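[1] turn this into a structure:
(one chain, ligands or ions: 2)
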Amino acid sequence: MYSRTEVDAIFGELEALTRREASGELFQCPSCEELVDQDAMRCRCGAIFEEPQDIVGYECPLCGSRVAEDATQCRCGARFAG
Ligand SMILES: [Zn+2]
Ligand SMILES: [Zn+2]
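    Ligands and ions are numbered 1, 2, ... in the order given. Predicted structure coming up:
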């Protein structure tokens with residue numbers, strides 16, 4: 001039989017494994033080289049990770065979605081006067 005401490009250790013390990021899996025992909029903070037969750041918006045060192053905004057366009061004033069420059073309507077239903 002396992003002793004209480006051994007069981008605790010095993011459960012702790014399992015928990016760590018599940019937590020690591022649930023957190024998803026990690027990447028290295030370019031500022032402090034700490035591993036950060038991929039969908040984290042900022043690192044604990046204070047570095048802010050912004051979404052790459054390579055799409056040409058602007059933000060819908062209603063919903064904040066990125067809209068193509070020549071779009072006349074947003075997916076939220078807002079219309080943009082040409
Ligand atoms: Zn950092
Ligand atoms: Zn919108």
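[2] which residues touch residue 49?
    36, 40, 41, 42, 43 (CB atoms under 8 Å, 6 or more residues apart in numbering). Using the backbone N, CA and C atoms, a C-beta is placed for each residue, glycine as well.
[3] my read: the first one touches residue 25, true?
    No. Applying CB atoms under 8 Å, one finds residue 36 not in contact with residue 25, separated by 10.0 Å.
[4] residue contacts, the spatially most central residue of the chain?
    Nearest residue to the geometric centre of the chain (CA atoms, centre = their mean): residue 39, 1.3 Å. With contacts defined as CB under 8 Å, 6+ apart, residue 39 is in contact with residue 24.
[5] any idea of the pLDDT on it?
    Note on residue 39: pLDDT of 82.
[6] how far away is it from residue 25?
    Between residue 39 and residue 25 the distance is 8 Å, computed by CB to CB, to the nearest Å.
[7] next one: stretch 31-41 to chain centre, how far?
    In this view, stretch 31-41 has its centroid 9 Å away from the chain centroid, taken as CA atoms, centre = their mean, to the nearest Å.
[8] over to stretch 49-69?
    Distance, centroid of stretch 49-69 to centroid of chain: 17 Å (CA atoms, centre = their mean).
[9] again, but for stretch 74-82
    Using CA atoms, centre = their mean, the offset of stretch 74-82 from its chain centre is 27 Å.
[10] quick check, it touching ligand 2?
    Yes. Using CB under 5 Å from the ion, stretch 74-82 reaches ligand 2 at 74, 76, 78.
[11] of the residues you listed, just the buried ones, ChimeraX syntax please.
    Restricted to buried positions by 16 or more other CB atoms under 10 Å, the ChimeraX selection for the residues of stretch 74-82 next to ligand 2 reads:
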select :74
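[12] great, nothing more from me.
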